[in-house]
Structure formats: structure tokens, C-alpha cells
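Novice: mind looking at a prediction? Sequence and model below.
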Amino acid sequence: MSGKVRGEEVTSPIESRALYTLEGISRSYGSTQALSECSFDIRSSEIHALVGENGSGKSTLVKLLSGVLSPDGGRIVMADGTVRTKWKNPKKSAKDGIFTVFQETLVAEGLSVVDNIWMGFDGEFRRGLPVAEERRLAANTLAELSDNPPALDAPTTSLDLGGRQLVVIARALVRDPQLLILDESTSALDISDREKLFDVLRSRRARGRATLFISHRMDEILTLSDRITVLRGGLVVVTQATSETTASAILSLMTGRDMEVAGNRKRQTLGATVLEGTALTLRENAAAFDFVLRAGEVVGVAGLEGHGQDDFIQSLCGLYRPVSGSVKSVAGAPIRTLRQASQLGIVYVPRDRKSEGIFEPLSILENFSMPTRSKYLSGGFLRSRRQRKAFEQYTQDLRVKYGSLDDPIVSLSGGNQQKVIIARWLASDPSVVVLNDPTRGVDQATKQDIYLLIDRLCSEGVSVVILSTEIEELVVLADRTIVFHEFAPFAELPHETVSTRKIVNAMFGHHSSELPEEAGI
């Protein structure tokens, strides 16, 4: 398992059997019970989905299986009947056939793509594998994952978030583990790469391998998995065949209340122009375009990874300088830096919260108040009570779950970290909010909180630009959706006529009118 790589001869698929049986697994952090008597099995030849709200215990369970943490109680029984004795030992987990792709993209930025893929292979096996063979296996694996894979010798610092995620997934696949754990690993991938990854996972299933698949995207869960385990409050609510359930039923089990998958927001009467881009050119030889944003408007932005949509939204807040053209505020002031944008009431919530959003050594309160710290000074002294009151005000609508405001920001689940980042910028009373994939890796309840917040902001005249890799939420949220292809808008779809199918077709450079009705999505 850990001593093999992809591409070797494998035996015929074996009949599905329990590879790892979890019995009564418990784990607490101080007074917080993360997992309680957690029991289910993971079988060969299956894709097993693990779902639950942020804070339900999924990440703790993944860390236990991966050898990062030890449980307080319970055991894992292996396929041969032996009981796992060593827990806090990632190398032992690897020897037991388990490899994990964690939610955050863990790459060594000083190394190339190929060195990152083979990072961690040590001992006799690594020394015995020729460099040419390493490169061949790495290249083949990346080609299976993407039509446009990163170059083997490219530094990982040159890759966007999706490219780095492909490298981390490839690192797992070359090991051909008995159990591959994917923790929100599709959240940074575009549609094309996601589908290729799913094909790889189905191929693994046919060869007798298992995948524990964690995602907040119901369409992925329902189309890919064979069985689903639902966690709520650290407890296993149910394990059942995917074919026996629905998206609404899963959401109800996750939250303990009836929930709709999505709902339409109220439409506002739009106000005057607040932001304007003129003759913007994002790359040499790309088409120039204009952009106008009005008060109270939600503009959705979509596109396949690397087609200019990230550059566009970052140009609105001074993080990216277009090849030509300009972005100006309502007052006519050009926006060239993030500081200028912030002073003009334009704020940016980044996509990668780990590297761009949070300050890991700092507390929840310090992370919240970082850009607005001066508001809480009086006579040169920081008024902590004023900070805390502001935090409670801006996070009440978002329902942030936390213990103490003095706890480190990393003590929160990913969804609650995202809420703190959004609250941080709302505290600056912006007129324009630019959101870069704000619901990436967060649960459905958190998404609904963010959707309601966007609705409230627009009702107050705030404008929102939202780039999202979740096409369905653009259909629900946006007054119009701009789809980028080859570094320029390819289609602009008003809310009245937009559909998932039309957005996806435009992402691939096809006008819906050019295709038969059954084409696309």
C-alpha cells in the first residue's frame, strides 16, 4: 500500500469488505466534545461520503484516521481483524494504507511541482525509484487530473489555488493508498478538473480501493458516493446508501431542522453607479471591456480556472493592475492599490482564508479588529470592551460559533473562520464588497447565513461582486452573472434568464443558442 505507486499491476477487484471499522470513537478538546461514540465502517470498492455542518466533528475524525490525533476512547479494527494500537503517528497510518488530502493546500513553496508530489517518500523505496520514473508517474497522474496540468519543474509559488490543490491530490494518488481521504479537496477545483478527479476516484473504486469523500456540495455527494455517513454534534446520525436519500433529507439530518437547498433572494431597486471600469484589458491580446456596478446590485462572476475572473475582481480593489484601462470609484478617483480601495469603501474577502485571510497566531478578536483597530482607540489606549461589542454586533447575523474571543482563530472551524473574515470587513462600513468564492468549503447552514447577509447588505444599498465556483448560488444570488473566457467577459446573463446550463456552456466558450437543448447542464 504505502510501498507501491500508481501504474503497477493490481489484482482483480475483490468483493467489497470492511477495510476499517470504527467502534465508539470519542475525542474532546477540554470541555468541548468533538466526537462521541462514533461508529461506522469504510469498505473496499466504495466511495464513502462523510457530511456534516462545520464543527460537527468531521475534521477531528479525519485527523484521528490520519494519525494526527489520538482518541479518548474507541478503536479501529483493520480488515484482518487486528486492532489499531498506534494512533498519533502519521507514518503508521500510511503503513495502514491511509493517505489524506487535507482541506488546506499543504505545499512546500520552495520546491517544484514534481518535488512536492514526491515529498515524504523516504527510505529505501524513494532511493530505489529512478528520477525519470518519478517524473513519468507524476506527469501521468497530473494529466489524469487536468487537461492543463502544471509543469513538473514549475515552482509551486507560481500556481494558483486550484493548481496547488492538483499537486496535493497527485501526491496522494501516486501512493495508491487503500483508503484515500479527501477533505473538501474539490472546493478549489474548476468544473473540468473536478470531473477528471471523479473519473480517477471511480477507477480506484473499480480496483478495490476506498475513498472517504468530504464535501459540502450536495450534487457531488449524490452523484459520486455509494454510501453516506452524517455527523451532527459529534454523533453519527445515520449511515445509509446514497441511492436511498435526497439532498433535502441529508441537510435536515445534518442540521436537525428542515432546510431548503437554496432560496431566491429579494430583488432590490438598483441605485446609481458606484464603481466603473473603462476599457479594461486583463492580458495582452485579450479583448477590452467596460464594467459598471450600481448601488444595491449583486454581480456574479464565473469562469474556468485561469480565464481571468480572479484578475478582474482583484482589479476592482487594487490588487491587480490591468494591462490597460482603469477602475474608478463614483467620485472619479482611480483605484490602483488595496489601500486606496479600502479608503473609498471597497473591501475584498479573499478566496484562500489560510494564506490570505487569517492571522494564525492571533486571537479571534484580534483577527476581527485588525483593519479597524483605530476605531477602538481612545487617548492612545485600546478599548477592548468596544472591540468586543463591535464583534458581537457584526457577527450576530452570521451566527459565529466560538468559545472565547481570546481563543486563537485556528480553534474555529473553517466556516466560522470565514464568518469572522467577512465580519472584519463589514465593520469598516463598506459601500462595495468583493467576495472571492466566500462559501468555499463551508456547510449549507453557513452558506444560508452568508446569502441572507448579502441580501441585507443590498437592501442597505451596499453593492456586492461575488466570484463563485458554485454555479447554483450565482443563479440564486446574482442580479446578473458575468462569465469569463480567455480573459474577457464571454457572456452576461441577467437573473431573469440565467441557468446553470447557460453559465457552464459560457465557461467553455459556447453560447447556449448554438447548442441543442439537451447539451450542457
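Specialist: Received it, and whenever you're ready, just let me know what you need.
Novice: against which helices or strands is the helix or strand encompassing Ser326 packed?
Specialist: Taking DSSP states H and E as the definition, one finds Ser326 inside strand 324-329. Judged by 3 or more CB pairs under 8 Å, 6 or more residues apart in numbering; DSSP states H and E, strand 324-329 is in contact with strand 273-281. Heads up, the C-betas are built off the backbone N, CA and C, glycines and all.
Novice: adjacent strands (with direction) for the strand it packs on?
Specialist: According to DSSP bridges, strand 273-281 forms sheet pairs with strand 289-294 (antiparallel), strand 324-329 (antiparallel).
Novice: pull out the buried positions in the strand holding Ser326.
Specialist: Residues of strand 324-329 classed as buried by neighbour count (16 or more other CB atoms under 10 Å): 325, 327, 329.
Novice: ok, which stretches of the stretch 101-250 of the chain are helices?
Specialist: 113-117, 123-128, 131-145, 161-173, 191-206, 218-224, 247-255 (DSSP state H, counting those that start in this stretch).
Novice: still on that earlier bit, list the contacts of the strand holding Ser326.
Specialist: 274-281, 288, 291, 315-316, 318, 334-335, 344-346 (CB atoms under 8 Å, 6 or more residues apart in numbering).
Novice: one more pass at 6 Å, please.
Specialist: 276-281, 315-316, 334-335, 344 (CB atoms under 6 Å, 6 or more residues apart in numbering).
Novice: most neighbours among those, which one is it?
Specialist: Highest neighbour count within the contacts of strand 324-329: Leu280, with 25 neighbours (other CB atoms under 10 Å).
Novice: which residues in the stretch 351-500 of the chain form strands?
Specialist: 377-378, 381-382, 432-436, 463-467, 480-484, 489-494 (DSSP state E, counting those that start in this stretch).
Novice: tell me how this structure divides into domains.
Specialist: 18-255, 262-345+430-521, 364-429 (automatic domain parsing).
Novice: can you lay out those domains as JSON lines showing distance to Asp352 and mean pLDDT?
Specialist: JSON lines is the format used below for the domains of the chain (distance: least, CB to CB, whole Å; pLDDT from 0 to 100):
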{"stretch": "domain 18-255", "distance to Asp352": "5", "mean pLDDT": "90"}
{"stretch": "domain 262-345+430-521", "distance to Asp352": "9", "mean pLDDT": "88"}
{"stretch": "domain 364-429", "distance to Asp352": "11", "mean pLDDT": "76"}
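Novice: just checking, Glu109 touches Thr157?
Specialist: Yes: between Glu109 and Thr157 a contact is recorded at 4.9 Å, counting by CB atoms under 6 Å.
Novice: which residue ranges of the stretch 1-150 of the chain form strands?
Specialist: 18-29, 32-43, 46-51, 73-78, 98-101.
Novice: next, format those as TSV and append distance to Trp425 and mean neighbour count.
Specialist: TSV is the format used below for the strands of the stretch 1-150 of the chain (distance: least, CB to CB, whole Å; neighbours: other CB atoms under 10 Å):
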stretch	distance to Trp425	mean neighbour count
strand 18-29	29	18
strand 32-43	28	19
strand 46-51	29	23
strand 73-78	41	16
strand 98-101	30	24
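Novice: switch those over to a markdown table; also include distance to Thr469.
Specialist: Shown next, in a markdown table, are the strands of the stretch 1-150 of the chain (distance: least, CB to CB, whole Å):
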| stretch | distance to Thr469 |
| --- | --- |
| strand 18-29 | 31 |
| strand 32-43 | 28 |
| strand 46-51 | 19 |
| strand 73-78 | 34 |
| strand 98-101 | 17 |
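Novice: follow-up on the earlier one: which one, of the strands of the stretch 351-500 of the chain, ends up nearest to Thr223?
Specialist: strand 480-484 (22.9 Å; CB to CB).
Novice: for the closest one, packing partners?
Specialist: For strand 480-484, the packing partners by 3 or more CB pairs under 6 Å, 6 or more residues apart in numbering; DSSP states H and E come out as strand 298-303, strand 489-494, helix 500-507.
Novice: which of the ones you listed sits most buried?
Specialist: Burial of the helices and strands packed on strand 480-484 is given as mean neighbour count (mean count of other CB atoms under 10 Å); strand 298-303 ranks first at a mean of 26.
Novice: pairing partners for that one, with directions?
Specialist: strand 463-467 (parallel), strand 480-484 (parallel).
Novice: quick revisit: so which of the strands paired with strand 273-281 gets nearest Ser187?
Specialist: That would be strand 289-294 among those, by CB to CB, at 26.5 Å.
Novice: closest one to Asp176 among the strands paired with strand 298-303?
Specialist: Per CB to CB, nearest to Asp176 of the strands paired with strand 298-303: strand 463-467, 34.9 Å.
Novice: any idea of the angle that closest one forms with strand 432-436?
Specialist: 10 degrees (axes from the mean of the first three to the mean of the last three CA atoms, to 10 degrees).
Novice: and stretch 234-254, what's buried?
Specialist: 234-237, 242, 245, 247, 250-251, 253-254.
Novice: from the residues you listed, which single one is nearest Ser16?
Specialist: Looking across the buried residues of stretch 234-254 and measuring by CB to CB, the closest to Ser16 is Thr242, at 14.5 Å.
Novice: go ahead and confirm the closest one touches Leu224.
Specialist: No: with contact defined as CB under 6 Å, Thr242 does not reach Leu224; the gap is 8.4 Å.
Novice: save the helices and strands packed on strand 480-484 as CSV, and put in distance to Thr229 too.
Specialist: Shown next, in CSV, are the helices and strands packed on strand 480-484 (distance: least, CB to CB, whole Å):
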stretch, distance to Thr229
strand 298-303, 32
strand 489-494, 37
helix 500-507, 28
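Novice: what sits up against stretch 475-492?
Specialist: 262, 264-265, 282-283, 286-287, 289, 297-298, 300-303, 307-309, 474, 493-495, 498, 500, 503, 506-507, 509.
Novice: want to throw the strands paired with strand 298-303 into TSV with distance to Ile421 and mean neighbour count?
Specialist: What follows is the strands paired with strand 298-303, written out as TSV (distance: least, CB to CB, whole Å; neighbours: other CB under 10 Å):
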stretch	distance to Ile421	mean neighbour count
strand 463-467	14	24
strand 480-484	24	24
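Novice: so which of those is nearest Leu180?
Specialist: strand 463-467 (29.0 Å).
Novice: C-alpha coordinates for that closest one, PDB please?
Specialist: Taking C-alpha atoms only, strand 463-467 is exported to PDB below (Å, rounded to 0.1, in the frame of the first residue of the first chain):
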ATOM      1  CA  SER A 463     -23.000  46.600  -3.800                       C
ATOM      2  CA  VAL A 464     -21.600  43.000  -3.900                       C
ATOM      3  CA  VAL A 465     -19.400  41.400  -6.500                       C
ATOM      4  CA  ILE A 466     -19.200  37.600  -5.900                       C
ATOM      5  CA  LEU A 467     -16.900  35.200  -7.700                       C
END
